[in-house]
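*Asks:* Below: sequence and its predicted model.
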Amino acid sequence: MINYARHDEEFYGIFKLNNGEEVVGKAILTEDCGETIVFLQDPVVIETFTKELEDGKVARGMGFSHWMQMSEEEFFILREKDIVSLASLSPEYVMMYEAYIAGEDIKNAGNTKKVSLDTDMGYKGNVKEARQLFEKIYKNPSYYK
């Protein structure tokens, strides 16, 4: 059992697998029949890029790509015997990971229908109109009574 990591608490982790892959994702560890099971949400792999520039300098970059490119699944299960090592993801990389995942959500959100705002749906006006009303109320408290 993986006993050096907290169980039943969600965290962002990076997992080194037996096959050499490094998988990043939001994870939770739990125990099942004496074995640690990892539930991994939105797993990605890290891709690094190196490009030699004309002036002899080297540019390096890093990005993410989905772990299983052809799958629409969001959750995967890893067994303890398939994991060589695991570690928490540093805050800087958590932000990068979340931005990547949020970018996927934004791209997929383009397929949804948009509903126009109206007063029946709770639309009260724009920011400019609200600001003007608040200024009137602030300057003349008896205005809204």
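*Replies:* Here it is on my side, so go on. Numbers count the residues shown, from 1 in each chain.

*Asks:* in the chain, what spans have low per-residue confidence?
*Replies:* The model of the chain has pLDDT under 70 over residues 1-5, 104-122, 124, 141-145.

*Asks:* Please report how far the residue nearest to the spatial centre of it lies from residue 80.
*Replies:* Residue closest to the mean C-alpha point of the chain, counted by CA atoms, centre = their mean, is residue 98 at 2.8 Å. Distance, residue 98 to residue 80, by CB to CB, to the nearest Å: 27 Å. Quick note: C-beta positions are derived from backbone N, CA and C, even for glycine.

*Asks:* Surely residue 6 forms part of a helix?
*Replies:* No - counting by DSSP: H, G, I helix; E, B strand; the rest coil, residue 6 is not found in a helix; it is coil.

*Asks:* quick thing: my sequence starts at 248, can you match it?
*Replies:* From this message on, residue numbering opens at 248, which makes the last subject residue 253.

*Asks:* Does it touch residue 276 like I think?
*Replies:* Yes - at 7.1 Å, residue 253 counts as touching residue 276 under the criterion of CB atoms under 8 Å.

*Asks:* neighbour count winner among these two?
*Replies:* Taking other CB atoms under 10 Å, residue 253 and residue 276 do not tie; residue 276 has more neighbours (22 against 12).

*Asks:* which stretch of helix or strand covers that one?
*Replies:* Following DSSP states H and E, one finds residue 276 within strand 269-279.
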